[in-house]
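# Below: sequence and its predicted model.
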Amino acid sequence: MKVRSYHLILSATLALGTAFTIIPLTTVTSQAATHIIKWHGHQYKSNYSLTQMRHKHHLKFKKSKIDGFTYEKNYFYGVTTHGAYVHRANDTHAFPSIHHKGTYAMFRTKIFDGGNAYGLEYVNLKTGKHYHDQA
């Protein structure tokens, strides 16, 4: 009698063990890697957080004060849904000629000409691709 009960327990354990090993493991969906960027009351889904973008493209935030003026380098400038407009070397100041479609996070890098011109870094929210523009 005791031998049969041990036999039943052993066979039940083996049956449950094989059932759990046959069932595939649950996979993590891409939803887990989605980050939300909030800007001006809107929410944008991104595959990268702002911190990851800064780290990946070497956009370290820096604040400095010169003659009473505060300068911020590589600060988050906003999100554009109209794409990235990038100047070529021979373009005029006001009219960029290259347009990359998509939704981009913008980081302002440097200020030139007394604040009249500045550099922008565009990072695509979906692909993480990086473009630099200096007007």
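Happy to help now that I have it. Please read all numbers here as calculations on a predicted model, not as lab measurements.

# so who does R88 touch?
By Cβ atoms under 8 Å, 6 or more residues apart in numbering, the contact list for R88 reads 96-98. From N, CA and C alone the C-beta is placed, and that goes for glycine too.

# of the residues you listed, closest to G119?
Using Cβ to Cβ, P96 comes nearest to G119 of the contacts of R88, at 12.8 Å.

# how about the closest one, what does it touch?
By Cβ under 8 Å, 6+ apart, P96 lies in contact with 85-88, 133, 135.

# Dump stretch 38-57 to CSV, keeping only the CA atoms.
In CSV, the C-alpha atoms belonging to stretch 38-57 read as follows (Å, rounded to 0.1, in the frame of the first residue of the first chain):
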residue,chain,number,x,y,z
LYS,A,38,5.9,64.5,-21.3
TRP,A,39,6.3,68.0,-22.9
HIS,A,40,3.8,70.9,-23.0
GLY,A,41,0.9,68.7,-21.8
HIS,A,42,1.4,66.0,-24.4
GLN,A,43,2.8,62.5,-23.9
TYR,A,44,5.1,60.9,-26.5
LYS,A,45,6.1,57.2,-26.5
SER,A,46,9.8,56.5,-27.0
ASN,A,47,12.0,53.5,-27.0
TYR,A,48,14.6,55.4,-25.1
SER,A,49,14.4,57.6,-22.0
LEU,A,50,16.0,61.1,-22.1
THR,A,51,18.8,59.8,-19.8
GLN,A,52,19.5,56.9,-22.2
MET,A,53,19.6,59.4,-25.2
ARG,A,54,22.0,61.7,-23.3
HIS,A,55,24.3,58.8,-22.5
LYS,A,56,24.2,57.2,-25.9
HIS,A,57,25.0,60.4,-27.8
